[in-house]
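> Predicted coordinates and the sequence they were generated for:
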Amino acid sequence: MNNAKRTRVVHVVHLQILINRLMKKPCSPHSNFQFFPSVLSLLCLLLLVFFFSGCLSRFDNSLWHQHYQPIEDLQALTFAQEAFSEAQQQYGDSEYAVRNIHIRQSIVKKDISLFTRADIVNFNNLSRRIFLSKKIFPEKIIWSSLDEQTRKYVEQSAFGKVLPVEGQQKIVEGLNALILSEIFLEELASGKYIEFKEYSGNIKKKDIAGRKKYLRNFLTSHFEDLLLPMPGKKSVLEGVEICECLGPENDECILYVSAAPGEPLFFPQLAHEVFHLLSPDCYDWYVEGLSNIFSEAFCEMAGYSWQPVLSSFYGREKTDPYAISYFMMRDINKVAGAYLRNFLNFTVGPDMSKTKKHVDVDGWLKTLPPDLRGRVIDIIHLYAPSLTAHKGLYNSFHLPQL
């Protein structure tokens, strides 16, 4: 799936979640608007048309992540990397060559002018530019602004070393320090560097947002094709969790969570989305349930409580597909846990009914011994009525045909 199509999928999922929430919102019994469902359906249709128009016009989705609040906390990044390693060890390698994992809280980004690790197209080439030109402007002032440890990272990266997350973050912090620097602004705006005359201008020091935008645009232009440009204004859907992979090789992966670092649901949500990195294009209720099984186990292993999620699921076993799929896969895990390790090997593309990528549950069931197979099928059919009611909203659900 190319980037444009993947963007449309991500935002259609966002939209479907939004519509689903709206449709479930109860109307006041005292309302005189009996035609509200029809009006709501029409509004949703118009919103869908508007949303598709926006997505279709955005051929490159590499900027979309910039609209969300980055989480560059090293504890969270380390957790995500370790969870991904554990997920691959237990359930097999990812379909994509995941090179970098980035985390976003799905709220509007507080400062779109500042860089994040995901805005650096190539750390090695950027480091090489800075290191080899450190005696001339503007690289000279960039180099002088970096602390000793960051200079070591830049030099290592300039000669081809793959930087650890800590090193990447140090370089990003150095660039952001420049964006916040009045000295760098004054150097550029002085006009004494003829080759950068086009960037000189009357920048008001009181206009902090304007200053930061000016410097971000300068850096983006000077390091052409190495830094992503600052995004324009876009509205974002908040409070959703999703996994999205970007780039020509789908190797830059963004995990969106609704919880903020420090909140009880943060690490459980993050572990859930990490599991989706194994098959980012699979929209399947079996996989959603298995993602929560993994999240629960890994959080326990890492010392984080999964109880807030479990508490939220109780009482919603027949109404919330995420709760239903969790309890179903938990029961299956108790019966045939060892056989779930190859579950994602049976991920298949869209079928004749044009459903999304999903798991061939019959193919997987055939790998089970007959006695276990029958017990698992019975479990699936126990939860099937509730999950079938949610099929087609945003995930597939295929009943066994054996």
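Perfect, I can see it now.

> neighbours around the residue lying closest to Asn125 once chain neighbours are set aside, how many?
Once flanking residues are discounted, Asn125 sits nearest to Leu226: 5.7 Å by C-beta to C-beta, 6 or more residues apart in numbering. For every residue, glycine as well, the C-beta is placed using N, CA and C. For Leu226, the neighbour count with other C-beta atoms under 10 Å is 20.

> Would you mind giving me the confidence score for Leu226?
Confidence at Leu226, expressed as pLDDT, is 94.

> Repeat that for Leu344.
As predicted, Leu344 sits at a pLDDT of 97.

> pretty sure it contacts Tyr91?
Yes - judged on C-beta atoms under 8 Å, Leu344 makes contact with Tyr91 at a distance of 5.5 Å.

> Quickly list what's touching both of the two.
Leu278 (C-beta atoms under 8 Å, 6 or more residues apart in numbering).

> Give me the more crowded residue out of the two.
Shown here are Leu344 and Tyr91; by other C-beta under 10 Å, Leu344 has more neighbours (23 against 19).

> quick one: contacts for that one?
Counting by C-beta under 8 Å, 6+ apart, Leu344 touches 91-92, 278-279, 282, 287, 359.

> One more pass at 10 Å, please.
By C-beta atoms under 10 Å, 6 or more residues apart in numbering, the contact set of Leu344 is 87, 91-95, 275, 278-279, 282, 284, 286-287, 290, 359, 364.

> List only buried entries from the residues you listed.
Buried by 16 or more other C-beta atoms under 10 Å: 87, 91, 94-95, 275, 278-279, 282, 284, 286-287, 290, 359, 364, out of the contacts of Leu344.

> What is the burial count for Glu300?
Residues near Glu300, counting by other C-beta under 10 Å: 11.

> That one and Trp306, how far apart?
Distance from Glu300 to Trp306, counting by C-beta to C-beta, to the nearest Å: 6 Å.

> Three-state assignment for Glu244, please.
Here Glu244 takes the strand state, with states given by DSSP: H, G, I helix; E, B strand; the rest coil.

> Where does pLDDT dip in the stretch 1-150 of the chain?
1-62 (pLDDT under 70).

> you'd agree Lys170 is in a helix?
Yes - with three-state DSSP as the criterion, Lys170 is part of a helix.

> Can you tell me the closest non-neighbouring residue to it?
Thr150 is the one closest to Lys170 (C-beta to C-beta, 6+ apart), at 4.3 Å.

> Could you list which residues are in contact with the one you found?
Applying C-beta under 10 Å, 6+ apart, one finds that Thr150 lies in contact with 143, 167, 169-174, 177.

> Show me the strands in the stretch 301-402 of the chain, by range?
Secondary structure of the stretch 301-402 of the chain by DSSP state E, counting those that start in this stretch: the strands cover 347-348, 358-359.

> Deepest-packed of those strands, please.
Stretch with highest mean neighbour count among these: strand 358-359 (a mean of 23; mean count of other C-beta atoms under 10 Å).
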